[in-house]
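Chemist: okay, predicted coordinates and the sequence, questions at the end:
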Amino acid sequence: MARHKPSGKKKHLSHALRQAQPVPSWVVAKTEGKVRRTPKQRHWRKTKIKV
């Protein structure tokens, strides 16, 4: 991928990066294990981002 990205593409990629983060441990504890992962969880190798 290019080093210099358009700002729109960069914003889209950074949003996807934040979405792919796991749920914090305090959320799992607060919900007593009912919430373990986000519905939009994505692995960098399995699902690619449509840019």
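Modeler: Received it, and whenever you're ready, just let me know what you need. Since this is a predicted model, take the numbers as computed values, not measurements.

Chemist: what stretches of the chain score poorly on pLDDT?
Modeler: The model of the chain has pLDDT under 70 over residues 1.

Chemist: strands of that one, residue ranges please.
Modeler: Under the criterion DSSP state E, strands are not mapped anywhere in the chain.

Chemist: quick check, central residue of it?
Modeler: Of all residues in the chain, the one closest to the mean position by CA atoms, centre = their mean is A20, 1.7 Å from it.

Chemist: where along this structure do the helices fall?
Modeler: Applying DSSP state H to the chain gives helices spanning 7-19, 25-30.

Chemist: with just CA atoms, put the shortest one into CSV.
Modeler: So that's helix 25-30. Written as CSV, here are the backbone C-alpha positions of helix 25-30 (Å, rounded to 0.1, in the frame of the first residue of the first chain):
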residue,chain,number,x,y,z
SER,A,25,-12.0,-6.9,30.1
TRP,A,26,-14.1,-4.6,32.4
VAL,A,27,-17.0,-4.9,29.9
VAL,A,28,-16.9,-8.7,30.0
ALA,A,29,-16.9,-8.6,33.8
LYS,A,30,-19.7,-6.0,34.0
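
Chemist: so which other helices or strands are in contact with that helix?
Modeler: Based on contacts counted as 3 or more CB pairs under 8 Å, 6 or more residues apart in numbering; DSSP states H and E, there is no element that helix 25-30 packs against. Where C-beta positions appear, they are placed from N, C-alpha and C, glycine not excepted.

Chemist: and the helices of the chain as TSV, adding mean neighbour count?
Modeler: Formatted as TSV, the helices of the chain follow (neighbours: other CB atoms under 10 Å):
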stretch	mean neighbour count
helix 7-19	12
helix 25-30	11
